[in-house]
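Asker: Show me the folded form of this:
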Amino acid sequence: MEGDRIRALPYEDLAALVGVVAVLNGHLVNGELPEELIQHLHRRLVGSGQPTGGAVNGVLSDLADRLHWAAGAGAEYPRAGPRPTRYEIRVPAVAVAALCCRAS
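Answerer: Predicted coordinates:
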């Protein structure tokens, strides 16, 4: 799909695609998508690696940025940037947390 050809979508189509991406990403962030769909989106949008909602979220966010750009927002083509990784550890009880800390 690389090359010199340039084709423009009507603004209404770009706005509709931004809306679809935003709704899909919203459901992803809220944990409302089935795991099968997340895995399928990961294969389609990310490619390789462990299928995660976080990776799909990042790609959908980048896609939304590029669609906004195509609709006329911003002068520079938005590039994907590095994303911070956040880890969350949940411990079921104070006693378990105490055992974990003592074991180290």
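
Asker: residues in contact with residue 56?
Answerer: Counting by Cβ atoms under 8 Å, 6 or more residues apart in numbering, residue 56 makes contact with 28, 38, 41-42, 45-46. Using the backbone N, CA and C atoms, a C-beta is placed for each residue, glycine as well.

Asker: between those, which is closest to residue 6?
Answerer: Residue 6 lies nearest to residue 45 out of these, by Cβ to Cβ, at 23.1 Å.

Asker: Now do the contacts for the closest one.
Answerer: Contacts of residue 45 (Cβ under 8 Å, 6+ apart): 56, 59-60, 63.

Asker: Go ahead and report the secondary structure state at the nearest residue to residue 39 once chain neighbours are set aside.
Answerer: Nearest residue to residue 39, sequence neighbours excluded (Cβ to Cβ, 6 or more residues apart in numbering): residue 51, at 4.5 Å. Here residue 51 is coil, with the state taken from DSSP: H, G, I helix; E, B strand; the rest coil.
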